[in-house]
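Colleague: Show me how the following folds:
(4 chains)
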There are 2 protein chains.
Amino acid sequence: MSHDFKPQGAFAHSASVDALPPVEQHARQYATVRQAHETELIEDYVELIGDLLTHRGEARAADIAARMGVSQATVSKMIRRLNELELVTSRPYRSLFLTRAGKAMASQSRERHDIVLHFLRALGVSDDAARIDAEGMEHHVSDETLDVMQRYIAATARQSEG
Amino acid sequence: MSHDFKPQGAFAHSASVDALPPVEQHARQYATVRQAHETELIEDYVELIGDLLTHRGEARAADIAARMGVSQATVSKMIRRLNELELVTSRPYRSLFLTRAGKAMASQSRERHDIVLHFLRALGVSDDAARIDAEGMEHHVSDETLDVMQRYIAATARQSEG
DNA sequence: TCAGAAAGTAAGCCTTGGCTAAGTTTAGAG
DNA sequence: CTCTAAACTTAGCCAAGGCTTACTTTCTGA
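Modeller: All right, here's what the predicted structure looks like:
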């Protein structure tokens, strides 16, 4: 069954005295994080634009700026980038639209975000903390971990149904 | 008991049709993530320096570069920054040392890192994925979530003892 | 002991993602 | 209809964190 969930048992809490990982593996870990950083912001913007389109019918630069907590100028510049990356289409002074690729990115980000958020809540984290943590964590969770989170959510749901 | 662990039950998996959070809250979420980004790299370097000092007895720029997967020049520049921030002390062409503040940051980062890593493994994530995810996640996990993770680890340990 | 390799530094370049200030366009209220 | 406020864009600034290339210092082994 794909939604089986079995914790694997805890290990001794002693990584700080563990040997360092081999140099190449260590370097790959950091490379993955740097890589994630490059796409992170882009994904956040695209995800937000998708949400605004879904919930408000349009995505205006002013709304994006207010929700991101940055200046309109910053948003304007970022929109140019998203355009170059062919994630959005825009006409000057007009609302934005997502391209096919933009829509795909938005829904994928949204899905990851939701899974992480629900996982944290299912684990017992408060709503406020879960929201903030999910925002930061979503870009650093592998498909494998995401899968485990989904199974955990499903298992917890079955449990609470009795 | 402080190490009690009770899952809180899953919610309907439907945040994508949830209303958007209030503007101010939304902005605060992103601000927190941006904030984390600023300290993230610094913490990674300091944590690595601490690990090298612990496991190798010294922290050389060449080792840091190899493990971070960046050029020596990049490390050299970063060391200057860490110096300015009074996290390390260094004499030209010599190995590094952590200041009191640096040591504190290193051990705190190391601890968060370990908790996240052990949590992921306890959850059933493979070692490789857990390592990579932990590296990225550690900077985005609130104290509250960290606490929940620790209780989960403890609970899973008791369970597997039988 | 000293010459070449390895380690470290410095200078200067690039991109990203913030900002402010100043100008342009759009939209809505009177 | 028009004029002002809000929305948007542009230009130009800054810091961070990469890079390469060129130089200096240290270490080591023949």
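Colleague: Going by C-alpha atoms from here, please, whenever you check contacts or count neighbours.
Modeller: Fine.
Colleague: For the biggest helix by length in chain A, what is the distance to the chain centroid?
Modeller: Secondary structure assigned by DSSP state H gives helix A:23-56 as the longest helix of chain A. Distance of helix A:23-56 from the chain centroid (Cα atoms, centre = their mean, to the nearest Å) equals 7 Å.
Colleague: go on, stretch A:65-78?
Modeller: On Cα atoms, centre = their mean, the centre of stretch A:65-78 falls 19 Å from that of its chain.
Colleague: One more: stretch A:134-143?
Modeller: Relative to its chain's centre, stretch A:134-143 lies at 5 Å (Cα atoms, centre = their mean).
Colleague: hmm, that stretch touching DNA strand C?
Modeller: No. Using Cα under 7 Å from any atom of the strand, stretch A:134-143 stays clear of DNA strand C, with a minimum separation of 12.6 Å.
Colleague: Quick one: end-to-end distance for that stretch.
Modeller: One end of stretch A:134-143 to the other measures 15 Å (Cα to Cα, to the nearest Å).
Colleague: Do that stretch and chain B come into contact?
Modeller: Yes. Stretch A:134-143 is in contact with chain B by Cα under 8 Å from any Cα of the partner chain, via A:135, A:136, A:137, A:140, A:141, A:142.
Colleague: tell me which of those is nearest to residue A:69?
Modeller: residue A:135 (14.1 Å; Cα to Cα).
Colleague: ok, which stretches of chain A are strands?
Modeller: For chain A, the strands defined by DSSP state E occupy A:88-90, A:96-98.
Colleague: Please report which of the residues of stretch A:134-143 next to chain B has the highest neighbour count.
Modeller: residue A:136 (26 neighbours; other Cα atoms under 10 Å in any protein chain shown).
Colleague: Please report how far that one lies from residue B:81.
Modeller: Distance from residue A:136 to residue B:81, by Cα to Cα: 25 Å.
Colleague: Next: residue A:29.
Modeller: Distance from residue A:29 to residue B:81, by Cα to Cα: 23 Å.
Colleague: So these two - more neighbours on which side?
Modeller: Taking neighbours as other Cα under 10 Å, residue A:29 and residue B:81 compare with residue A:29 leading, 24 against 14.
Colleague: contacting residues around the residue sitting nearest the centre point of chain A?
Modeller: With distances taken as Cα atoms, centre = their mean, residue A:138 lies nearest the centre of chain A, 3.1 Å away. Residue A:138 makes contact with A:109, A:112, A:113, A:116, according to Cα atoms under 8 Å, 6 or more residues apart in numbering or on different chains.
Colleague: Go again with 10 Å.
Modeller: A:40, A:44, A:109-117, A:146, B:136-137, B:140 (Cα atoms under 10 Å, 6 or more residues apart in numbering or on different chains).
Colleague: and what of residue A:128?
Modeller: The contact partners of residue A:128, by Cα under 10 Å, 6+ apart, come to A:121, A:134, B:25, B:29.
Colleague: Near DNA strand D, list only the ones from these.
Modeller: Among the contacts of residue A:128, DNA strand D is touched by none when using Cα under 7 Å from any atom of the strand.
Colleague: hmm, which two among the residues you listed are most spread apart?
Modeller: Of all pairs in those, the most separated under Cα to Cα is A:121 and B:25 at 17.7 Å.
Colleague: And these two? Which one has more around it.
Modeller: Taking other Cα under 10 Å, residue A:121 and residue B:25 do not tie; residue A:121 has more neighbours (23 against 17).
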